[in-house]
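Chemist: Based on what follows, work out the 3D shape:
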Amino acid sequence: MEFFSQTYVALRGPTGQVQTPADTISRLVDRLSPATLLPDRRAAVLALKGLSRDCKEDVGDKALPGLIEVLANDAEVDTDIGKAVLETLHALCDTEDSTPNGKALGFKHSDALLANERSVHTLFALVKDTNFYTRYSSLQLLSTLLLNRRQAVQSYFLTAPAGPGSIIAVLDDKREIIRNEAITMVQTLISQSVEIQKVLTFEGAFEKFFGIVTQEGGIDGGLVTRGSLTCVDALLRFNSSNQSYFRETPLFPIVSQLLQFPPNIKMTDPAPQEFALQFWDEQKTLNASLIVGIMGIFVGSKGSTAQVPVFTRCFIEIALASNFPTSLKVQALRLLPPNINFSLSDITVTPYMPVPETNGEEWDRLEPASALDALVELTIHGEYNGQDGAKRSKEGLELRTSAAAVFENFVRKEELRLAIVQAMTPPEGCETTKNITPLLHALTLPLASSGGLEPANVTSTQLATMLFSHLLRGSPRCKAAARLIKPEPSHAPAENTFFVPADGAPPAAPVEEEDLEKDPPQTLLQILSESLSLALLSRSRADTSDREIREWDRLVISYLALLSQWLWEDPRSVREFLEAGGLSVLVEAINQTSEVDTLVPGMCAFLLGICYEFNREAGEITRRTIYPILGRLGVDNLIGQMTRFREDDRFRAIGPDNIVLTYPAPVLPTSTIVASRDEAEIWFDWALVDFWKSNYYSIQRAFSTEPDQTSAKSSGPSAESAMLIESLRDVIRKQSEEVDVLQKKLKDATTSQSQEVADLKAQLQTLSSQVQSSEDKRKEVEKEQEDLLVLLDEVTNKRKRDKERMRKAGLEVSEDEDDDEDDDDDDE
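Modeler: Next comes the predicted model:
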């Protein structure tokens with residue numbers, strides 16, 4: 001009691017005098033001096049802790065140096081004063097304080113605390129303390145300092161004697177609250193610091209974090225699992241040294257096992273059902289996303305290991321044959337390498353379909369199909385064969401466009417593209433293609449029906465035109481093969497004609513009696529021209545709602561985009577398009593200047609310029625036929641239409657990784673169909689935007705070129721020359737591949753020879769050792785023989801001397817002994 005009374009009197013001052021907070025703080029600061037007793041300093045720190053909330057500025061200005069001294073001198077000695085001073089410093093450095101000027105004061109006090117490395121070194125030393133309050137408060141203060149001044153703390157950590165060891169030790173703490181706080185602190189500590197990432201990696205950070213993930217139940221764990229996986233991701237991403245180290249650890253093969261995907265599966269083995277069908281919640285999805293991201297680091301890196309193909313196969317299974325959430329499927333497709341070095345047609349997947357009205361608890365397993373078929377099916381129809389395709393959610397469209405991007409990467413080689421296109425051409429002896437592939441079916445799909453325009457069909461046709469343009473772009477041989485495609489006319493209704501590749505070929509059309517007067521079959525290019533004309537006619541009807549007009553516009557843009565890339569540098573296709581009535585279709589669309597939408601006239605002007613520029617084949621419609629039409633339309637008008645097209649927000653919003661746009665909310669709902677908040681739409685893909693920007697000025701110049709003149713672009717190689725150049729490129733490419741194969745064989749042979757030389761050297765070394773050992777043994781035997789001879793000689797001499805003495809002594813010596821002696825003399 002006497003102690004508290006004296007403390008109270010000391011703080012109160014003279015009786016009757018009013019005490020201000022500043023006076024009280026000054027008195028408390030005096031008691032922080034090392035000359036005072038430890039209990040006095042403890043009481044002063046506790047009092048300052050209480051005042052720090054209401055008098056943050058005064059406590060920081062006057063008491064912060066004394067508190068730093070107490071932290072350095074007393075925190076490790078007395079746990080109570082350590083806890084108090086840590087909590088006080090945390091309150092002073094807190095920038096989330098809602099009081100006036102609290103954020104600025106937090107940064108100011110953080111700078112004062114970090115003026116030298118002593119304080120940070122002390123904090124990391126306190127982290128090793130096993131006391132709960134000391135360790136927890138130290139972690140809290142370090143987290144706050146890292147949020148305020150991360151780079152300063154990171155630089156001090158690298159010089160702290162107890163830095164890395166304290167971090168690894170605290171990750172082993174069995175108390176969850178401390179371990180969780182440590183994980184949060186480490187996330188900030190390793191951010192953008194390659195050196196700290198390396199230090200913690202070689203201290204065993206990977207083992208600690210994966211141990212925590214395992215203890216928490218893998219991806220089914222909660223926030224702790226997410227925090228640990230976030231740390232692992234930060235240690236690996238943008239750190240090639242840690243990636244190389246992690247590849248050599250036993251943890252690397254089991255990353256996919258966290259998703260229940262076997263680490264030693266072969267490309268031909270089916271994926272297990274426990275991987276494909278799982279129960280998902282939001283937290284599990286976030287954890288799985290981190291694991292997929294970690295696997296993607298190695299799939300996209302240059303280092304090659306046996307585990308990378310397993311990761312790639314895992315991504316394919318996630319996207320095409322599982323019930324993973326859509327966001328994970330999108331992520332898996334985007335992480336597939338752009339230079340796909342394996343054949344999707346050689347990989348077999350087993351798709352699953354949810355049973356209706358079971359809330360995703362029951363699934364039907366479909367027949368196995370190739371990954372390429374499943375990829376095309378996913379692109380054209382959407383997830384689970386288009387069950388929710390009509391909704392056109394942003395996630396669903398991102399999944400389908402991501403699948404289209406994977407298809408584009410897969411068909412970069414012209415041999416693959418040509419094989420796919422030739423599979424759509426009629427076989428020998430047939431006029432039409434009877435085996436309609438899903439891609440060709442979607443391209444020729446009748447869109448208008450008695451019930452109106454189906455939004456799901458519009459999206460399917462849009463994506464089909466994108467896939468087909470990937471097959472034709474920049475390949476004269478593929479374009480020549482595409483001109484031969486003549487689809488079998490379909491008499492079945494447009495509704496419910498989708499099918500899964502696993503179901504086999506599409507249903508055959510009903511057999512009808514042969515019509516002797518029927519028209520010859522149309523080519524695919526003629527069908528697309530006719531579909532473009534019908535779409536432009538439908539959008540111009542008076543009874544069409546604004547929403548339906550927007551649907552038709554997207555469809556028209558898709559046809560125009562495909563035709564633009566098809567007709568580019570292909571005079572024969574230009575002639576066929578013009579003879580199919582394409583010129584009048586384009587001119588009529590450009591003349592409709594009253595339309596609000598600027599995309600359709602601009603794209604029509606661009607395609608008209610392509611037709612004029614590359615109309616080099618003899619036919620009914622020549623350049624001289626088109627030139628007066630350009631004059632009537634007005635070159636300035638055409639260029640203006642293209643300029644407005646280029647400046648449209650929908651065109652400018654397209655990027656390499658972003659082609660899905662949010663559907664605009666209507667100002668006044670004029671239709672009974674109301675767009676949902678999550679609804680999205682597609683106008684272009686990045687390949688078309690890049691193609692358009694690259695050739696925009698060439699078409700502008702072409703409008704001003706006389707019919708008999710040739711522009712700079714058209715003065716280049718013709719289609720035949722382009723085909724010759726392309727064939728020579730193929731030869732060069734094949735020769736380069738052969739050179740690569742030979743170099744690989746040479747490298748393997750050199751490696752095998754080096755191994756044989758090493759083996760021979762080892763055998764020589766062994767034989768040399770054996771010879772040396774035999775020589776040593778022989779020398780030892782010879783030495784023993786010499787010793788025996790010497791001994792025998794000594795015995796013989798002694799015997800002679802003994803006989804001689806016996807004779808002198810008059811003793812009788814036997815004849816045998818004499819004979820022996822004589823023999824000995826003879827031997828001598």
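
Chemist: C-alpha only now, for contacts and for neighbours.
Modeler: Fine.

Chemist: Not including adjacent chain positions, what is the nearest residue to the residue nearest to the spatial centre of the chain?
Modeler: With distances taken as Cα atoms, centre = their mean, residue 335 lies nearest the centre of the chain, 3.1 Å away. Spatial nearest neighbour of residue 335, excluding adjacent residues (Cα to Cα, 6 or more residues apart in numbering): residue 296 at 5.5 Å.

Chemist: Run through who's touching the helix or strand containing the one you found.
Modeler: According to DSSP states H and E, residue 296 maps onto helix 282-299. Taking contacts as Cα atoms under 8 Å, 6 or more residues apart in numbering, the residues outside helix 282-299 that touch it are 219-223, 225-226, 229-230, 232-233, 236-237, 243, 255-256, 258-259, 308-309, 311-312, 325, 328, 331-332, 335-337.

Chemist: what's the model's confidence in it, averaged?
Modeler: Across helix 282-299, pLDDT averages out at 93.

Chemist: can you check stretch 237-245 too?
Modeler: Computed over stretch 237-245, the average pLDDT equals 91.

Chemist: before we move on, what about stretch 555-572?
Modeler: The model assigns stretch 555-572 a mean pLDDT of 92.

Chemist: Figure out how far the helix holding residue 296 is from the centre of its chain.
Modeler: 9 Å (Cα atoms, centre = their mean, to the nearest Å).

Chemist: any idea which helix or strand comes after it?
Modeler: Next along from helix 282-299, by DSSP H and E: helix 308-320.

Chemist: That following helix: what's the following helix or strand?
Modeler: helix 326-335.

Chemist: contacts for the next helix or strand after that following helix?
Modeler: Once helix 326-335 ends, the next helix or strand along the chain (criterion: DSSP H and E) is strand 348-349. With contact meaning Cα under 8 Å, 6+ apart, strand 348-349 is reached by 268, 270-271, 317, 320-321, 368-371, 374.

Chemist: Now the element after strand 348-349, going C-ward?
Modeler: strand 352-354.

Chemist: quick one, longest helix in this structure?
Modeler: helix 719-808 (DSSP state H).

Chemist: Which secondary structure elements does that one sit against?
Modeler: Applying 3 or more Cα pairs under 8 Å, 6 or more residues apart in numbering; DSSP states H and E, one finds that helix 719-808 contacts helix 476-482.

Chemist: Residue 661 in helix, strand or coil?
Modeler: strand (DSSP: H, G, I helix; E, B strand; the rest coil).

Chemist: What is the neighbour count of it?
Modeler: 18 (other Cα atoms under 10 Å).

Chemist: what residues are up against it?
Modeler: Counting by Cα under 8 Å, 6+ apart, residue 661 has contacts 394, 650, 653, 680-682.

Chemist: what would the residues you listed look like in TSV with distance to residue 82, pLDDT and secondary structure?
Modeler: Listed next are the contacts of residue 661 as TSV, based on distance: Cα to Cα, whole Å; pLDDT from 0 to 100; DSSP: H, G, I helix; E, B strand; the rest coil:
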residue	distance to residue 82	pLDDT	secondary structure
394	53	88	helix
650	60	90	helix
653	56	91	coil
680	57	89	strand
681	60	89	strand
682	61	92	strand
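
Chemist: Only the buried members of the residues you listed: can you turn that into a PyMOL selection?
Modeler: Provided next is the PyMOL selection string for whichever of these are buried by 16 or more other Cα atoms under 10 Å:
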select buried, resi 394+650+680+681+682
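
Chemist: now the contacts of residue 661 as CSV including distance to residue 794?
Modeler: What follows is the contacts of residue 661, written out as CSV (distance: Cα to Cα, whole Å):
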residue, distance to residue 794
394, 111
650, 118
653, 114
680, 116
681, 116
682, 115
